[in-house]
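S.K.: could you work out the structure for the sequence below:
(one chain, ligands or ions: 1)
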Amino acid sequence: MKTHIINALEKHGAKVTSQRVALAEILFARPQHLSADALLEAARRAGVRVSKATVYNTLNLFAECGLVREVNVDGTRIYYDSTTHPHHHLFNVDTGELTDLPEDSVRLAEMPELPDGTEAAGLEVVVRIRNSRG
Ligand SMILES: [Zn+2]
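M.R.: Residues are numbered from 1 along each chain as shown. The predicted structure follows:
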């Protein structure tokens, strides 16, 4: 796991710092969706000394390297997903909980025509749910 991260960073020409490795170890300890704030909190609990800016920059870097997927749930909140293979999400707007949906659980009847010279690079669906009222 650690080697995978170091290789990905080096391939991208990014420096392998102890902070980056420490953040990666927290993030990739298990499949999870973390906001930058949640990762910062987890890092501090684990005794890793990092600034908020470092956490944000590191997450952006990991996303560029393809180590994490950014899941933008509502245009304001971004979760970082340690699972990078294609899948969809359920997002509960009441609880803020983000859950995985298998890739084959969503079927799109039709894809829009894509501009010439382009191809689909991915399709991700966030199904927003809320707790039933009343
Ligand atoms: Zn996910």
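
S.K.: which residues touch the longest helix along the chain?
M.R.: The longest helix of the chain (DSSP state H) is helix 52-64. Applying C-beta atoms under 8 Å, 6 or more residues apart in numbering, the contact partners of helix 52-64 are 9, 12, 14, 19-20, 23-24, 27, 36-37, 39-40, 43, 50, 68-70, 80. The C-beta positions use only the backbone N, C-alpha and C, and glycine is treated the same way.

S.K.: restrict those residues to contacts with the ion.
M.R.: When contact is defined as C-beta under 5 Å from the ion, the contacts of helix 52-64 do not meet the ion at all.

S.K.: list only buried entries from the residues you listed.
M.R.: 9, 19-20, 23-24, 27, 36, 39-40, 43, 50, 68-69, 80 (16 or more other C-beta atoms under 10 Å).

S.K.: okay, now T58: neighbour count?
M.R.: Counted with other C-beta atoms under 10 Å, residues neighbouring T58 total 27.

S.K.: how near is it to R49?
M.R.: From T58 over to R49 the distance is 13 Å, taken as C-beta to C-beta, to the nearest Å.

S.K.: shared neighbours of those two, anything?
M.R.: Common neighbours of T58 and R49 (C-beta under 8 Å, 6+ apart) are Q19.
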